[in-house]
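> please find the sequence and the predicted model below.
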Amino acid sequence: MTEESKQQKFTAKVRRGLVWVHAQANGELNRIKAEAGGSRVPGFNAAELADVEAALLWIEQNKEAPQA
């Protein structure tokens, strides 16, 4: 197996894993925001919340595309 094929296989595994990570983290963040009712999200300051949302956006853009 070449180094390039090893890298592609690893990248594919990571992208598949990101599907699960995104579903879990996004669901949990949405639940926490709903419980907060539009007020401050407990355990996060504004900068931390922005960082988490940016990370979720990055994951959304880089995870494996849904199978058709």
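Okay, I see it.

> remind me what the longest helix anywhere in the chain packs against, helices and strands.
Counting residues, the longest helix in the chain under DSSP state H turns out to be helix 3-36. When contacts are defined as 3 or more Cβ pairs under 8 Å, 6 or more residues apart in numbering; DSSP states H and E, helix 3-36 sits against helix 46-62. For every residue, glycine as well, the C-beta is placed using N, CA and C.

> so what does the helix it packs on touch, helix or strand wise?
Helix 46-62 packs on helix 3-36, going by 3+ Cβ pairs under 8 Å, 6+ apart.

> what about the helix it packs on, average pLDDT?
Here helix 3-36 scores 93 as its mean pLDDT.

> show me which residues of it are buried.
Neighbour counts over helix 3-36 (16 or more other Cβ atoms under 10 Å) mark 18, 22, 26, 29 as buried.

> need the contact list for the third one.
Read it as residue 26. Applying Cβ atoms under 8 Å, 6 or more residues apart in numbering, we find residue 26 in contact with 56, 60.

> and the angle for the longest helix of the chain with helix 46-62?
Calculated by axes from the mean of the first three to the mean of the last three Cα atoms, to 10 degrees, helix 3-36 forms an angle of 130 degrees with helix 46-62.

> these two touch, right, residue 33 and residue 41?
Yes - using Cβ atoms under 8 Å, residue 33 is in contact with residue 41, at 6.0 Å.
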